[in-house]
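Colleague: fold the following for me, if possible:
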Amino acid sequence: QHSAHPRHREAMLKLIDGLRVTGRNKELIATGRQFLSRHPGDPACAEVERWLVRLLRKANDTAATAATLEAHWKRLGNTPEGYRSGREAVGLY
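Modeller: As a prediction, this is how the structure comes out:
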């Protein structure tokens, strides 16, 4: 609600941790997507994308999984994990 607050990023990450512990996957997917859109340059985005891909696969949302893998590939670039994400995204598309 207070996205301009200086500690908004920290609050979102704590909320994400709490949702992961309680297993509230639908809320976690929504909050993860919000974090990625509000803080696209944050170093924590790579980790958020990793678990978001796993949750989206469990939810059988192929298009969203592919889009998240593509974003992860673009974020990591020329790394083994980046290549792997890119290949998986192409395979899902």
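
Colleague: please identify the buried residues of the lowest-mean-pLDDT helix or strand in the chain?
Modeller: Every helix and strand of the chain was ranked by mean pLDDT, DSSP states H and E. The lowest is helix 8-22, at a mean of 91. Buried residues in helix 8-22, counted by 16 or more other CB atoms under 10 Å: Met12, Leu13, Ile16, Leu19. Yep, even glycine has a C-beta here, placed from its N, CA and C like the rest.

Colleague: look up how far Thr62 lies from the third one.
Modeller: So that's Ile16. Distance, Ile16 to Thr62, by CB to CB, to the nearest Å: 23 Å.

Colleague: flag every buried residue along stretch 85-92.
Modeller: Going by 16+ other CB under 10 Å, stretch 85-92 has these buried residues: Ser85, Gly86, Glu88, Ala89, Leu92.

Colleague: now stretch 71-84
Modeller: Buried positions in stretch 71-84, judged by neighbour count with 16+ other CB under 10 Å: Ala71, His72, Trp73, Arg75, Leu76, Gly82.
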